[in-house]
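>>> predicted model follows, preceded by the sequence.
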Amino acid sequence: MPVYIRKNVNFTPPSIDNFPLEDDEDYITDPDQLLDRLPQPYRMIDKVLSQWYDEVWQIIEKRENERLEESRRIRAPQYECSAQMESQGRACCVCDSVDGRYIFIGQPRGLSAVDVQTQEKVASWEEESVDIHYVKAYLIGVQVYLVVTIDDMGFARLLIFGGDKFYFVKILNEFQKGRGGAHRPIFSNPAHGEGGTKLIISKCEASRNGDYLGAMFENPETAEVWLEVYKLPRDAWLNELESVLTKKEEKSEEDQGTDTQAPTDQEAPTPQNEVEPPPAATQSRKHSLSRGSSRLSVYTNTTNYEESTGGEKHTPKLSPTSVVMKLKPPPSMSELRQKGNPASSIHSACQKVDSGEVIGTGVNHILTPNHKDMRKEVFAHLHDNLMEYLPKEEEAEPLEDVNFHFMTAGRLVPTGLEQQSQIEEEDDMKRLPTTIAVWWKGSTHVVHYSLLKQHKDFDVKPDLVWPYLSPVTSSAISDDTSLLAVGFENGNIIIWDRYLGIQRGIVNIMDRVKIVQLTFLDPNICPQNLDDYQPYRTKTSTHLLALCDNGALYIMMSGPGLELDPICITPPVESEDDIFTMVQPIPGMHDLLITVLKSGKVQIRDTLQGTVLCEPVLPKSHELMTPWDPVVAVGAMGQVLFLKGNNKDYGEEEGGDQSESAGALFMYQMKLFPTLDSYMSRRRDKVSQTVHAKIENRIEALMKERIAQQGLRKHRMQERWGNMKEEIWSILQYKDMAEKKADNRPEIHYKRVRNLSQ
């Protein structure tokens with residue numbers, strides 16, 4: 001039977017958007033409701049008034065509930081500042097030292113170090129037209145700190161603070177390779193940057209002990225982004241600084257000896273109202289840092305400065321850093337689906353395919369752009385009439401942010417890269433990082449690279465790849481790098497035990513909620529469940545703090561063999577002003593949290609319960625500077641709190657934030673807060689997260705347990721010998737009874753039984 005097909009027929013694809021929604025008011029149970037007694041227009045007026053009344057009643061109920069909740073809510077006490085540091089009113093960023101002795105303040109035209117206890121400036125480093133907007137300190141020796149800074153122009157500087165002085169090291173993005181392999185300087189001032197390419201560093205972080213450093217570079221001209229990893233000669237820097245300090249001490253002793261031996265014409269006592277001027281050597285030692293560092297300008301590229309008094313070089317010649325690897329961001333998944341492999345031909349694409357030893361990232365495949373374009377053309381030709389109904393393809397966002405962690409050796413690293421001596425090292429200061437874990441924003445992979453291999457520029461293959469289904473949004477690592485937590489866009493969290501090489505668990509916090517921050521807490525606030533056997537500790541439990549994008553805060557205990565059970569300590573927020581912009585455990589007291597809300601409130605909370613204990617408040621004339629990126633630091637291991645506040649009445653026409661009167665740095669003595677007395681007096685024993693159970697330690701622990709149980713064993717042996725007589729007597733009784741039963745048994749003659757059977 002012939003079939004006739006009509007031409008020029010428009011296909012209308014099915015859609016559920018046009019289906020009418022069912023309403024409960026469409027169904028009636030009383031037939032009299034079909035007839036409305038009110039005529040028009042009163043019927044319409046009645047419907048409008050009823051709807052208006054319902055809406056007003058809902059608003060009234062909502063306000064009443066808010067008032068009841070506000071009246072039932074216990075208001076946390078508010079404490080005012082103890083001191084105001086007006087001289088640091090131009091602070092752009094604040095960072096505390098790891099041991100809590102100093103705070104480093106980034107300011108316009110330099111950097112300064114302030115003693116936490118006395119609030120006095122110890123040293124300063126000044127530079128013209130340099131506004132420090134990021135500062136981070138790392139403890140690399142005994143009271144020696146590596147200070148990493150980034151200014152407003154995107155230049156990253158390395159400085160060392162030791163002996164109450166700053167020592168300039170280098171600018172990371174100071175030179176760029178030009179044509180022919182020659183290096184050319186990059187100037188922060190555009191007027192001096194003729195023929196140079198300006199590179200910007202947006203992120204710069206070092207390892208815990210300052211052995212390695214990673215910096216994210218950006219090229220504004222080509223929009224390229226990459227990560228560079230540097231090896232820092234920490235031990236060489238410490239030896240060089242020690243030699244410089246010993247030479248200066250010897251010279252100062254010689255100068256003092258010559259001053260005491262020199263004759264004086266008149267020796268008169270100094271009046272009380274006049275202060276004796278310091279010697280030239282002491283004065284030059286105190287102020288040579290600021291003068292010497294001002295000569296370390298980016299424009300002149302000079303690092304040698306001679307003091308006016310003695311001709312001594314202020315900045316010693318320190319050992320240079322070395323580049324370990326350079327990593328480019330992988331293409332996003334949407335870009336791979338749209339464009340395919342950027343290789344020029346199939347042969348070149350096959351050469352880049354991994355050998356199969358490591359799970360690949362999915363970038364190197366043989367689907368070239370020509371193949372993808374051809375498939376798109378075929379699909380468009382076959383479904384030309386339906387192409388207009390397809391959703392528009394979203395443009396792929398470039399991967400402009402990178403996160404990385406430097407980690408020590410573990411059992412997750414491929415064979416041959418473990419370094420057994422590093423694994424068995426008990427001192428964390430002596431354990432060097434051997435691996436770096438990297439994930440880019442929007443990527444679904446966590447990639448591990450070895451720091452012990454020799455890599456070429458941008459030709460680095462990963463040693464370990466963790467592929468996931470959901471994009472990675474956050475990550476955290478413990479202090480000893482034995483635990484690694486990864487948070488995802490779908491609300492999942494995975495915790496890896498790198499020391500044992502196993503996965504501790506996976507948990508879903510909440511569906512359709514993004515994990516924005518993860519933090520491992522100190523294990524001394526977590527109860528340690530010790531088994532009856534073995535006599536030595538084999539595992540450590542710790543708490544993990546998770547912050548979601550809806551403002552909810554969760555805490556969970558992670559330990560070997562324990563299920564991850566997240567506990568909500570702060571529910572999701574309804575108002576945008578109550579969203580957390582900062583959640584940070586207080587150093588030295590991880591059972592306390594310092595949180596900053598988007599509205600500008602600063603709160604101190606209990607970590608395990610989430611209750612607000614107190615609120616440090618600024619004076620009424622000031623407000624918190626940039627609540628979305630607050631300037632907050634805690635010094636003296638949780639004893640002192642620093643907040644930066646801006647003056648509300650200070651106008652921009654009077655100078656803005658460039659003047660010291662625009663703001664101030666406020667100090668709070670947290671040990672004087674009454675609500676924190678129980679936390680301040682609490683004893684916190686040091687608990688190591690990694691347990692190195694060597695064979696010698698096991699034997700020693702077993703011998704101690706055996707000796708400790710010697711008295712118990714003697715008592716048990718005496719009790720056993722006492723029960724032995726009763727057991728033997730009972731055995732003899734059973735034996736006698738058995739013999740008596742055998743004697744009383746009737747005799748059966750065999751022949752008689754045989755005759756009867758016949």
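Great, that's in hand.

>>> tell me which helix or strand of the protein sits lowest on mean pLDDT?
helix 280-294 (a mean of 35; mean pLDDT, DSSP states H and E).

>>> let me know the average pLDDT across the longest helix along the chain.
If you go by DSSP state H, the chain has its longest helix at helix 710-743. Taken as a whole, helix 710-743 carries a mean pLDDT of 85.

>>> which strands and helices sit next to that helix?
Packed against helix 710-743 by the contact rule (3 or more Cβ pairs under 8 Å, 6 or more residues apart in numbering; DSSP states H and E) you find no helix or strand. In this view, the C-beta of every residue, glycine as well, is placed from N, C-alpha and C.

>>> any idea how far that helix is from the chain center?
How far helix 710-743 lies from its chain's middle: 67 Å, per Cα atoms, centre = their mean, to the nearest Å.

>>> do the same with stretch 730-747
With Cα atoms, centre = their mean, you get 81 Å for stretch 730-747.

>>> how about that stretch as CSV, C-alpha atoms only?
Taking C-alpha atoms only, stretch 730-747 is exported to CSV below (Å, rounded to 0.1, in the frame of the first residue of the first chain):
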residue,chain,number,x,y,z
SER,A,730,36.8,-34.1,91.7
ILE,A,731,38.5,-36.1,89.1
LEU,A,732,39.3,-38.9,91.6
GLN,A,733,35.6,-38.9,92.8
TYR,A,734,34.4,-39.3,89.2
LYS,A,735,36.9,-42.2,88.8
ASP,A,736,35.6,-44.0,91.9
MET,A,737,32.0,-43.5,90.9
ALA,A,738,32.8,-45.0,87.4
GLU,A,739,34.5,-48.0,89.0
LYS,A,740,31.6,-48.6,91.4
LYS,A,741,29.2,-48.5,88.5
ALA,A,742,31.3,-51.0,86.6
ASP,A,743,31.3,-53.4,89.6
ASN,A,744,27.6,-53.3,90.0
ARG,A,745,26.9,-54.0,86.4
PRO,A,746,25.2,-57.6,85.9
GLU,A,747,27.3,-60.3,84.4
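
>>> was I right to think W237 contacts I160?
Yes - in this structure, W237 is within contact of I160 by Cβ atoms under 8 Å, at 6.3 Å.

>>> can you work out which residues contact both of the two?
Residues touching both W237 and I160 by Cβ atoms under 8 Å, 6 or more residues apart in numbering: I140, V169, L318.

>>> how about these in CSV, adding pLDDT?
As requested, the shared contacts of W237 and I160 are arranged in CSV below (pLDDT from 0 to 100):
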residue, pLDDT
I140, 92
V169, 92
L318, 86
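
>>> closest to the centroid, which residue in the chain?
Geometric centre of the chain, nearest residue: A476, 4.9 Å, by Cα atoms, centre = their mean.

>>> distance of T444 relative to Y468?
Separation of T444 from Y468 (Cβ to Cβ, to the nearest Å) stands at 5 Å.

>>> likewise Q40?
Using Cβ to Cβ, one obtains 62 Å as the distance from Q40 to Y468.

>>> neighbour-wise, which of T444 and Y468 wins?
T444 (20 against 17; other Cβ atoms under 10 Å).

>>> and the helices in this protein?
42-72, 234-261, 280-294, 333-339, 346-352, 369-382, 420-423, 677-680, 695-708, 710-743, 750-757.

>>> okay, now the unreliable bits of the stretch 251-400 of the chain?
257-315, 332-368, 393-399 (pLDDT under 70).

>>> then the stretch 501-650 of the chain?
Residue ranges of the stretch 501-650 of the chain with pLDDT under 70: 529-538, 650.

>>> can you give me the strands for it?
502-508, 515-520, 542-548, 553-558, 567-570, 580-586, 589-597, 602-606, 612-616, 622-624, 632-635, 640-647 (DSSP state E, counting those that start in this stretch).

>>> next, format those as JSON lines and append mean neighbour count.
Converted to JSON lines, those look like this (neighbours: other Cβ atoms under 10 Å):
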{"stretch": "strand 502-508", "mean neighbour count": "15"}
{"stretch": "strand 515-520", "mean neighbour count": "21"}
{"stretch": "strand 542-548", "mean neighbour count": "23"}
{"stretch": "strand 553-558", "mean neighbour count": "21"}
{"stretch": "strand 567-570", "mean neighbour count": "17"}
{"stretch": "strand 580-586", "mean neighbour count": "18"}
{"stretch": "strand 589-597", "mean neighbour count": "22"}
{"stretch": "strand 602-606", "mean neighbour count": "19"}
{"stretch": "strand 612-616", "mean neighbour count": "18"}
{"stretch": "strand 622-624", "mean neighbour count": "19"}
{"stretch": "strand 632-635", "mean neighbour count": "24"}
{"stretch": "strand 640-647", "mean neighbour count": "22"}
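
>>> circling back: which one of the helices of the chain is the most hemmed in?
Highest mean neighbour count of the helices of the chain: helix 280-294, a mean of 17 (counted as mean count of other Cβ atoms under 10 Å).

>>> ok, E400 - contacts?
E400 makes contact with E218, V225, K441, according to Cβ under 8 Å, 6+ apart.

>>> from those, pick the one nearest G600.
K441 (27.7 Å; Cβ to Cβ).

>>> run a quick neighbour tally on the closest one.
16.

>>> which residue sits closest to it, ignoring its sequence neighbours?
Once flanking residues are discounted, K441 sits nearest to D401: 3.9 Å by Cβ to Cβ, 6 or more residues apart in numbering.

>>> residues in contact with W496?
Applying Cβ under 8 Å, 6+ apart, the residues contacting W496 are L412, L483, L484, A485, V486, I502, Q503, R504.

>>> I'd guessed M670 sits against V640; true?
Yes - checked against Cβ under 8 Å, the pair M670 and V640 is within contact range at 6.6 Å.

>>> so for the two, which residues contact both of them?
Shared contacts of M670 and V640 (Cβ under 8 Å, 6+ apart): V634.

>>> excluding sequence neighbours, find me the nearest residue to S474.
With Cβ to Cβ, 6+ apart, the residue lying closest to S474 is G487, at 3.9 Å.

>>> the one you found and L545 touch, don't they?
No - the criterion here is Cβ under 8 Å, and G487 misses it with L545 at 11.2 Å.

>>> what is in contact with those two at once?
Q517, L518.

>>> for stretch 471-481, measure first residue to last.
23 Å (Cα to Cα, to the nearest Å).

>>> ok, and the closest non-adjacent residue to D685?
D685 sits nearest to N524 (Cβ to Cβ, 6+ apart), 5.8 Å away.

>>> show me the contacts for the one you found.
Taking Cβ under 8 Å, 6+ apart, one finds H590, R684, D685, K686, V687 in contact with N524.

>>> 7 Å instead?
R684, D685, K686, V687 (Cβ atoms under 7 Å, 6 or more residues apart in numbering).

>>> just the buried residues of those.
For the contacts of N524, a neighbour count by 16 or more other Cβ atoms under 10 Å gives the buried set as V687.

>>> what is the nearest of the contacts of N524 to I604?
Nearest member of those to I604, counting by Cβ to Cβ, is R684, at 17.0 Å.

>>> do you know how far M387 is from D373?
Using Cβ to Cβ, which is the criterion applied here, M387 is 15 Å from D373.

>>> one more: D629?
44 Å.

>>> now do G163
64 Å.

>>> over to T408?
For T408, the distance to D373 - Cβ to Cβ - is 47 Å.

>>> contacting residues around the nearest residue to the residue nearest to the centre of the chain once chain neighbours are set aside?
Sequence neighbours aside, L518 is the residue nearest to A476 in space, at 3.7 Å (criterion: Cβ to Cβ, 6+ apart). When contacts are counted by Cβ under 7 Å, 6+ apart, L518 touches S474, S475, A476, A485, G487, L544, A546.

>>> and of those residues, the nearest to E249?
A476 (42.7 Å).

>>> quick one: contacts for that closest one?
A485, L518, T519, F520.

>>> which residues does the last one contact?
Meaning F520. A476, S478, L483, A485, T542, L544.

>>> rerun at 6 Å
When contacts are counted by Cβ atoms under 6 Å, 6 or more residues apart in numbering, F520 touches A476, S478, T542, L544.

>>> good, wrapping up.
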